[in-house]
Each structure stands twice: as C-alpha cells, then as structure tokens.
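Undergrad: take a look and give me a structure for this.
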Amino acid sequence: MNVEEILKTEQLNKSYENGLKVLNDITFSLKKGEVVVIIGPSGCGKSTFLRCLNMLEPVDSGTIRFKDRVIDRANKDVYELRQKIGMVFQSYDLFPHLTILDNILLAPIKVQKRERSEVAKEAEELLKRVGLSDKTKVYPRQLSGGQKQRVAIVRALMMHPEILLLDEITAALDPEMVREVLQVVLELAREGMTMVIVTHEMEFAKAVADRVLFMDQGVVVEEGSPEEFFRSPQTERAKQFLNMFHYEAR
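TA: As a prediction, the model looks like this:
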C-alpha cells in the first residue's frame, strides 16, 4: 500500500550571517502517519531544520514541499500553510495574562475565525485527554513545567495541523515532569499523528520513532529504523554519539 508523502525537502541549505553553514544539502521526506525522530549533538542544525520546515526561518537554497505545494515564505498563502504544520517549542510561549483556556482559544478564534463555543468545547475535550480538565481558568504561572508543555501541545492541536513539529519539548523540564509530556506524544503517535521530533531522550526516541535521523554539522549522517540505529549504527560518528549516552548511564 502506497502511503502519501506529505512533506519533502530537496537540497536544503542555510547559513547564518557569520558564514556558519547550519544546513547542508538536506534531502528529507515524511509520509503521512510517520513519526521521524531527529537526534544529534547540540548545534548540529536539528532545531533550525524544524524552524525551516515551519517557515519560521528562511532557507538560502533548496525546496520544501507540503503535499504538492512548494512552501515559500514569500507566498501569500504562507500563513495558511503554517497552520498545517504545527510546532511546539521547549519554552511553552504561553501568554501570562491569559487563562489556560484563553491561551488555547486565541489562535483558532483570531486566525481561523472559528466560533468560540465550538473551539471551547474542543479545547476542554483535549485538556481532559492530557489530564488538565481542571486547569481551564488558571494562569500559566500556576502550572508546573510539564503542565505548561501539555497545554502547549493542546494549543498546537487546536489548529488541526496535518504535521506536528516538536522541538526539544522536554529540555526545560525537571526529570519527573518529562514522562507526563512524553506520554501525551506517544498517544498521539499511536493515533497516527504525523510528527517530526527533535529530542535528546534516547529511550523515548526508541519507543516513538518509525525512523531515526542522526544529524551532525548540518548533515544527515545516518538514518534508519530505531531498532537498526540503536542496535548497530553504521557510521563511526553515530557510534561515538550513542556511546556518550551509554557512558552517562553507568
């Protein structure tokens, strides 16, 4: 059975103003319902790649296609396309002066022009799913980091994205809060949500990924199934990277 290719990049390149090349000829494809996890050392281009996919960062050359449409920040429909590719950051970015419910409702009402009664019902159902049904009227400062991140995931889902990009969503959390957030992502994966995830949580990557990409210095060095990659990486660089985690575990 052929599965729809929903997102594709071809020879994506990006450099910063100081001349540092952060993405080097990245060619990548994502199928509908697939979960791809990107791992690699800090500064290797993982987060920049996600931001380019969501058009938050411009690219120097190469193409990004969403289904049959070329994504270009200059296109007038870029905001519509961006809604199809949701993104969750490690920093939550909740508005401190708004309640949790109002944080979640803001974009669907203002951007998508949906009815408040409709989106409020959907928001309450999603909050219940992530264990936060009693938090609609509280403010972000009253939540833990793990709770804030679950709210951020709900806020992204409220836009009905076809792809969800998750950028180190547990990096700012205390260890005991990590599991509650990752459990939400695992459930989304089981339900068939198409996702690209940047993480340093290796056990989580093994559990959630259909495919693992290992990046270093702006290049995809290796890719494969989680079973293949974590059991027998093919490149010396990937072996060195994974050995670092084995060392930390002892």
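Undergrad: surely Leu98 and Leu106 touch.
TA: Yes - Leu98 is in contact with Leu106 according to CB atoms under 8 Å; the separation is 7.0 Å. Backbone N, C-alpha and C define where each C-beta goes, glycine included.
Undergrad: in the chain, which helix has the most residues?
TA: With DSSP state H applied, the helix covering the greatest number of residues in the chain is identified as helix 175-190.
Undergrad: what packs against it?
TA: Contacting helix 175-190 under the criterion 3 or more CB pairs under 8 Å, 6 or more residues apart in numbering; DSSP states H and E are the following elements: helix 145-157, strand 194-198, helix 202-208.
Undergrad: what about Gln83, neighbour count?
TA: 15 (other CB atoms under 10 Å).
Undergrad: list the contacts of it.
TA: Gln83 sits next to 111-112, 159-161 when contact means CB atoms under 8 Å, 6 or more residues apart in numbering.
Undergrad: sticking with it, tell me its helix or strand.
TA: Here Gln83, judged by DSSP states H and E, is contained in helix 78-84.
Undergrad: so which helix or strand takes in the residue nearest to the spatial centre of the chain?
TA: Relative to the mean C-alpha position of the chain, the nearest C-alpha, by CA atoms, centre = their mean, is the one of Leu166, at 1.7 Å. Using DSSP H and E, the secondary-structure element containing Leu166 is strand 163-167.
Undergrad: what angle separates that strand from helix 175-190?
TA: Direction vectors for strand 163-167 and helix 175-190, defined by axes from the mean of the first three to the mean of the last three CA atoms, to 10 degrees, enclose an angle of 160 degrees.
Undergrad: centre of the chain to strand 163-167, how far?
TA: Offset of strand 163-167 from its chain centre (CA atoms, centre = their mean, to the nearest Å): 2 Å.
Undergrad: how about stretch 231-250?
TA: When distances are taken as CA atoms, centre = their mean, stretch 231-250 is centred 24 Å away from the chain's centroid.
Undergrad: before we move on, what about stretch 142-154?
TA: Stretch 142-154 has its C-alpha centroid displaced from the chain centroid by 15 Å (CA atoms, centre = their mean).
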